[in-house]
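Q: predicted model, plus sequence, below.
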Amino acid sequence: MFEKFDNALDLSAYPSLASSRAFSRDRISVVTTALSKALETLGQPIMTVAVGGSLGRLEASADSDIDCIIIVDDRAEYDPRQTATSIKRIHAEILRTGLQPPKTDGIYCRPILRSQLLDPANRGSLTEEPAIFGTRMQLLLDARPVYRANAFSSLKDQLLSWYGCTAERPHHFTHLLNDLSRYLHAYAVWQQFKFSRTQRDGWYLRQAKFRSTRVVTFAGLLFAIGETSMTDNATDLAQTLNHTPLGRIQAAFDNYASANFRAFIDLYERLHQMLCDAPIRNELILLSPTSQSEIPTHYAGVFALIHDLSDELMAQLTQFILARADDWSPRIFRSWLL
């Protein structure tokens, strides 16, 4: 269901991205098989399990975190003790993959109730728990199912309906666009002023990821909405979201003769290769500033190169969006800008 939508993405000329895709598919297959065996014997509290982040984008490496999203179906009565047992089994199977566990301060690997994601009272709430808001967005941005894919697809459709994207109103994207913008810029500000440094993470590494993979992930959803705004079929967006973010961008670029996907993916491959390189990651971590006052006026070393390449990458994405002024619905630009 999900793999076939990226079949048009030829990575034969991009060894780093191709290697990560093969590695990610293998890890997803392992997790899917393990969870199917482990959870089906425990009953029905877990509605679906998905992976986001680098694994969901099919861009993971051996040093990647496994960002796991666990959705609990609370439409009927369920035993919290049984749910807790299932969560422990999920954690155990995830650790067996050899990937790094998710960071403790994030939204991943903690159970989220289906009702929390779909509660109409939460629309527009500025006080909604970040874990719920973030999970809802990540399910649409880059998540990929590893347990009960059909339930995942159904939940994704329900999330789009929650945002107002229904068959009766196929172009009603205002709420989704506003939340996408809110999440992007809140994430950017959070990363801008997060100066913690550990053996595996630091300000330069986080900035490098944000300016490449994270921006591409956000752009992938924006492009999917933009392309859907030209059709009358409300199912187009749901189907497009089965692509990875990179696949969504390729699908959009391929619709326009003047768009140069090759130039874009050439840059993305260079950035991906650098971020998968252990010595480069270590340099970014070791040299990361630990306060705003330590940020240099002019960047140096490998981060300077990454900063320049990501500037060019973001410029290409921006130019593609601006070139769609006569293609996408004007409401896309109005909602995004105002």
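A: That came through fine.
Q: name the element residue 196 belongs to?
A: If you go by DSSP states H and E, residue 196 is not part of any helix or strand.
Q: show the pLDDT at it.
A: Residue 196 carries a pLDDT value of 94.
Q: ok, it to residue 129 distance?
A: 22 Å (C-beta to C-beta, to the nearest Å). C-beta coordinates here come from the backbone N, C-alpha and C atoms, glycine included.
Q: for residue 187, same thing?
A: From residue 187 to residue 129 the distance is 16 Å (C-beta to C-beta).
Q: same thing with residue 21?
A: For residue 21 relative to residue 129 (C-beta to C-beta), the value is 33 Å.
Q: residue 38 too?
A: For residue 38, the distance to residue 129 (C-beta to C-beta) stands at 28 Å.
Q: ok, the residue lying closest to residue 215 once chain neighbours are set aside to residue 308 distance?
A: Closest residue to residue 215 apart from its sequence neighbours, by C-beta to C-beta, 6 or more residues apart in numbering: residue 314 at 5.9 Å. Residue 314 sits 11 Å away from residue 308, going by C-beta to C-beta.
Q: more crowded one of those two?
A: Shown here are residue 314 and residue 308; by other C-beta atoms under 10 Å, residue 314 has more neighbours (16 against 11).
Q: who touches the host helix or strand of the more buried one?
A: If you go by DSSP H and E, residue 314 is part of helix 301-322. Under the contact criterion C-beta atoms under 8 Å, 6 or more residues apart in numbering, helix 301-322 has outside partners 204, 207-208, 211-212, 215-216, 219, 222-223, 226, 249, 252-253, 259-260, 263-264, 267-268, 270-271, 274-275, 280, 283-284, 287, 298-299.
Q: what residue ranges in the stretch 51-200 of the chain score low on pLDDT?
A: 104-107, 109, 167, 170-171 (pLDDT under 70).
Q: tell me, what residue is most central in this protein?
A: residue 142 (3.1 Å; C-alpha atoms, centre = their mean).
Q: tell me the backbone dihedrals of that residue, please.
A: Per-residue torsions, residue 142: phi -150, psi 10 (degrees, to the nearest 10).
Q: ok, it - contacts?
A: Listed by C-beta under 8 Å, 6+ apart, the contact set of residue 142 reads 52, 53, 56, 57, 217, 220, 244, 245.
Q: the fourth one against residue 244, yeah?
A: Okay, so that is residue 57. Yes. At 5.3 Å, residue 57 and residue 244 qualify as touching, with contact defined as C-beta atoms under 8 Å.
Q: which residue packs closest to residue 236, ignoring adjacent ones?
A: Excluding its sequence neighbours, the residue lying closest to residue 236 (C-beta to C-beta, 6+ apart) is residue 228, at 4.7 Å.
Q: against residue 112, how distant is the one you found?
A: Applying C-beta to C-beta, the value for residue 228 to residue 112 is 26 Å.
Q: and the two? Which one has more around it.
A: Between residue 228 and residue 112, residue 228 has the larger neighbour count (other C-beta under 10 Å), namely 25 against 20.
Q: is it true that that one touches residue 237?
A: Yes. Using C-beta under 8 Å, residue 228 is in contact with residue 237, at 4.3 Å.
Q: ok, residue 21 and residue 129, which is more surrounded?
A: Set side by side, residue 21 and residue 129 show more neighbours around residue 21, with 20 against 13, by other C-beta under 10 Å.
Q: give me every residue that touches that one.
A: With C-beta under 8 Å, 6+ apart, residue 21 has these contacts: 11, 58, 59.
Q: again, only this time at 6 Å
A: Neighbouring residues of residue 21 by C-beta atoms under 6 Å, 6 or more residues apart in numbering: residue 58.
Q: what about residue 284, which helix or strand?
A: Using DSSP H and E, the element containing residue 284 is helix 278-286.
Q: residue 216: neighbour count?
A: For residue 216, the neighbour count with other C-beta under 10 Å is 26.
Q: try residue 88
A: Per other C-beta under 10 Å, the neighbour tally for residue 88 reads 11.
Q: list the contacts of stretch 277-296.
A: 195, 197, 202, 203, 204, 205, 274, 302.
Q: span of that stretch from start to end?
A: Taking C-alpha to C-alpha, to the nearest Å, stretch 277-296 runs 24 Å from one end to the other.
Q: residue boundaries of the strands in the stretch 101-250 of the chain?
A: Listed in chain order, the strands of the stretch 101-250 of the chain (DSSP state E, counting those that start in this stretch) span 111-113, 144-147.
Q: now do the contacts for residue 5.
A: Contacts of residue 5 by C-beta under 6 Å, 6+ apart are 242, 243.
Q: can we start the residue count at 630 from this point?
A: Fine by me, first position is 630 from now on; the one you just mentioned is residue 634.
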